[in-house]
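> Model the following, please.
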Amino acid sequence: MSISSLAGNSLPSRPRIIVPLEVYYFDTDAGGVVHNIAYLRMVEIARSHLAATLGWSLEEMGRTGLVPVVARTEIDYLKPARLGDHLAVSAELVRMEKVRFLIRFEIVSASQTDLLFIRCIQTMVTVQLPGGRPQRVPSAWRDAYPQLVTA
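Residues are numbered from 1 along each chain as shown. Okay, here's the model as predicted:
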């Protein structure tokens, strides 16, 4: 299966989504502050939703064996979110190379969008399982978002 067939349906004009999430008890430490691993879980949720929006659902990954793998995560913890906070997690495809692509994330307060909790960039590599051989970024993405292609 070619990676270029992943996004056969029309893609959104902007490769960005916003996922609403709530901070639960298991996201926090004893002081009720969100711990760092919970932010990464929230990023993972948003990334999965973005991939599905761009035609690369979890079902498609399982069927084809073509998967995005995290190669690097850079995260800035700016303010602590707390137990019960309602959050908005944005995920946006911001750059594509031959086999790598970058996604930018922000987690803000759902009710006060200028209250920024974290900023994150993940570098992803497209691979074929089993074996993990690198594959090209989906050509449908490159065609839909040529302004994001850098190499």
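> Please name the residues that touch the residue nearest the centre of the chain.
Most central in the chain under CA atoms, centre = their mean is residue 47, positioned 2.3 Å from the mean C-alpha point. If a contact means CB atoms under 8 Å, 6 or more residues apart in numbering, then residue 47 has 68, 91, 103, 105, 122 as its contacts. No exception for glycine: its C-beta is placed from N, CA and C like everyone else's.
> Quick check: the gap between the residue lying closest to residue 68 once chain neighbours are set aside and residue 26.
Excluding the flanking residues, the one nearest residue 68 by CB to CB, 6 or more residues apart in numbering is residue 124, at 4.4 Å. In this structure, residue 124 lies at 26 Å from residue 26, with CB to CB, to the nearest Å as the measure.
> cool, and residue 111?
Applying CB to CB, one obtains 22 Å for the distance of residue 111 from residue 26.
> which residues does the residue nearest to residue 33 when sequence neighbours are not counted contact?
For residue 33, the nearest residue in space outside its immediate sequence neighbours is residue 80; the separation is 4.5 Å by CB to CB, 6+ apart. With contacts defined as CB under 8 Å, 6+ apart, the neighbours of residue 80 are 33, 34, 117.
> What strands flank the strand or helix carrying the last one, and is each parallel or antiparallel?
Looking back up the chat, that one is residue 117. Assigning secondary structure by DSSP states H and E places residue 117 in strand 116-128. Counting by DSSP bridges, the strands paired with strand 116-128 are strand 66-77 (antiparallel), strand 100-109 (antiparallel), strand 133-134 (antiparallel).
> Quick one: mean pLDDT over whatever helix or strand comes next after the last one.
Using DSSP H and E, the helix or strand that follows strand 133-134 towards the C-terminus is helix 139-144. Helix 139-144 comes out with an average pLDDT of 92.
> next one: stretch 79-86
For stretch 79-86, the per-residue pLDDT values average out at 96.
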